[in-house]
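>>> what follows is a predicted structure for the sequence shown.
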Amino acid sequence: MELQEKESVPVVTEVDRDVFLRDVYPQRRPAVLRGVSLGPCLQKWTVEELGRRGGGRPVKVHVSTLPQMDFLRKNFVYRTLPFDQFVKRASETKQEDFFLCEEESYYLRSLGDDVRKEPADLRKQFPDLSQDFLVPPFFESDQFFSSVFRISSCGLQLWTHYDVMDNLLAQVTGRKRVVLYSPRDALHLYLSGDKSEVLDIDNPDLTRFPDFVKAKRYECVLEPGDLLFIPALWFHNTLALQFGVGVNVFWRHLPADSYDTKDPYGNKDPVAAGRALQALEGALRALDRLPDDYRDFYGRRMTRRIQERTFHHDETENESPCDLSNKPG
């Protein structure tokens with residue numbers, strides 16, 4: 001099998017606000033930040049302590065018979081558990097009480113109090129636990145969007161997707177592998193909305209996804225206490241190597257009016273991008289009224305125009321992003 005080009009995500013130590021804003025942030029590339037103080041959570045957030053202090057607050061969790069969760073085909077169910085029971089179950093490999101099977105996998109992505117309107121905020125949903133976690137001071141307070149509690153069973157793998165905001169993934173307990181792909185490789189990831197259709201990135205079906213090997217793979221393993229800077233639009237796929245607890249902190253780095261105000265998850269495309277995508281769908285519907293050869297011709301003209309207006313080229317790109325040979329659609 002043809003192999004993807006791989007590169008390790010760089011590790012940066014002794015990072016403070018000045019170093020981050022001067023040396024890391026402007027690069028717009030992922031980086032593991034090691035040695036940043038996250039607070040007493042590193043020592044305190046044991047399974048027992050989390051359960052005791054999180055208490056019986058109900059949480060909505062993903063439950064799956066398979067550790068590879070797939071949002072496109074929904075191979076999981078949502079269930080509600082008291083937080084302390086969820087943490088206990090997620091930390092174990094076999095369940096006495098279960099929803100689907102003894103070896104089911106669990107995943108929590110915390111939600112706002114009003115899931116339709118409010119982003120997740122650790123300070124509001126888990127005020128006691130939030131006192132143990134120090135949000136890195138790498139952005140202005142008025143840019144803050146959400147802080148998301150993430151807790152995963154060992155072996156749990158989440159689908160490849162992108163977010164529209166910059167974020168820091170703080171790994172508090174457990175080890176986690178993260179694989180990332182550049183926005184420049186979007187054409188090779190077989191997107192459906194903000195998600196890749198390639199579920200098994202380690203053993204992809206190259207009959208269905210032949211161009212996936214053209215996407216360069218960036219990889220790192222997060223240890224407890226590590227921060228991973230994930231710039232907006234960078235695709236990421238996570239695999240919990242151990243039962244793990246983390247916190248994602250998202251912030252708005254574009255002007256405030258760039259974002260959809262009715263987006264508590266922070267994953268809707270920017271307003272202008274949404275309008276452009278809607279216009280594109282309208283243009284495609286108009287092309288459908290033409291004969292095949294005309295549709296092909298004007299489709300190629302439109303593709304060329306998009307490439308000229310929007311694609312940013314640099315010396316690291318060896319392939320024209322507009323090479324549509326052997327691509328679906």
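Received it, and whenever you're ready, just let me know what you need. Numbers count the residues shown, from 1 in each chain.
>>> going by C-alpha atoms from here, please, whenever you check contacts or count neighbours.
OK.
>>> which SS class is residue 51?
With DSSP: H, G, I helix; E, B strand; the rest coil as the basis, the three-state label of residue 51 is helix.
>>> surely it touches residue 87?
Yes: Residue 51 lies in contact with residue 87 (CA atoms under 8 Å); the separation is 6.3 Å.
>>> tell me which of those two has more neighbours.
residue 87 (25 against 19; other CA atoms under 10 Å).
>>> buried ones in the helix or strand containing the more buried one?
When elements are assigned from DSSP states H and E, residue 87 belongs to helix 83-90. Buried residues in helix 83-90, counted by 16 or more other CA atoms under 10 Å: 83-87, 89-90.
>>> what of stretch 264-284?
Of the residues in stretch 264-284, 264-266, 268-270 count as buried by neighbour count, 16+ other CA under 10 Å.
>>> so can I have JSON lines of the residues you listed showing pLDDT and secondary structure?
Formatted as JSON lines, the buried residues of stretch 264-284 follow (pLDDT from 0 to 100; DSSP: H, G, I helix; E, B strand; the rest coil):
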{"residue": "264", "pLDDT": "88", "secondary structure": "coil"}
{"residue": "265", "pLDDT": "88", "secondary structure": "coil"}
{"residue": "266", "pLDDT": "83", "secondary structure": "coil"}
{"residue": "268", "pLDDT": "90", "secondary structure": "coil"}
{"residue": "269", "pLDDT": "93", "secondary structure": "coil"}
{"residue": "270", "pLDDT": "95", "secondary structure": "coil"}
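>>> from those residues, pick the one nearest residue 230.
Proximity of these to residue 230 (CA to CA) peaks at residue 266, which lies at 14.2 Å.
>>> my guess is that closest one contacts residue 167, does it?
No: in this structure, residue 266 is not within contact of residue 167 by CA under 8 Å, at 10.7 Å.
>>> which ones are touching residue 234?
Taking CA atoms under 8 Å, 6 or more residues apart in numbering, we find residue 234 in contact with 162-163, 180-183.
>>> any chance you could map the helices in the stretch 1-150 of the chain?
In the stretch 1-150 of the chain, the helices defined using DSSP state H, counting those that start in this stretch lie at 17-19, 41-44, 47-54, 83-90, 122-125, 127-130.
>>> whoops, I mixed them up, the stretch 201-329 of the chain
Per DSSP H, counting those that start in this stretch, the stretch 201-329 of the chain carries helices over the ranges 271-287, 292-310.
>>> how far off helix 47-54 does the strand or helix carrying residue 171 point, in degrees?
Using DSSP H and E, residue 171 sits in strand 166-173. Angle, strand 166-173 to helix 47-54, by axes from the mean of the first three to the mean of the last three CA atoms, to 10 degrees: 120 degrees.
>>> from the contact counts, what lies against strand 166-173?
On a contact count with 3 or more CA pairs under 8 Å, 6 or more residues apart in numbering; DSSP states H and E, strand 166-173 meets helix 41-44, strand 227-230, strand 244-251.
>>> how about 6 Å then?
Counting contacts by 3 or more CA pairs under 6 Å, 6 or more residues apart in numbering; DSSP states H and E, strand 166-173 is packed against strand 227-230, strand 244-251.
>>> each with direction, which strands does that strand pair with?
Strand 166-173 pairs in its sheet with strand 227-230 (antiparallel), strand 244-251 (antiparallel), by DSSP bridges.
>>> which outside residues touch the next helix or strand after that strand?
Downstream of strand 166-173, the next assigned helix or strand under DSSP H and E is strand 176-181. For strand 176-181, the external contacting residues (CA atoms under 6 Å, 6 or more residues apart in numbering) are 217-222, 234-241.
>>> same check, this time on stretch 245-262
Stretch 245-262 is contacted from outside by 143-151, 165-173, 270-271, using CA under 6 Å, 6+ apart.
>>> pull out the buried members of the residues you listed.
By neighbour count, with 16+ other CA under 10 Å, those hold 145-151, 165-173, 270 as buried.
>>> quick one, phi/psi of the residue in the chain sticking out farthest from the centre?
For the chain, the largest distance from the centre (CA atoms, centre = their mean) belongs to residue 291, which lies 40.3 Å off. The phi and psi values for residue 291, taken as degrees, to the nearest 10, are phi -60, psi 160.
>>> how near is it to residue 305?
Per CA to CA, to the nearest Å, residue 291 is found 21 Å from residue 305.
>>> kindly report the same for residue 183.
Distance of residue 183 to residue 305, computed by CA to CA: 19 Å.
>>> out of the helices of the stretch 1-150 of the chain, which is closest to residue 61?
Nearest of those to residue 61, taken as CA to CA: helix 83-90 at 8.2 Å.
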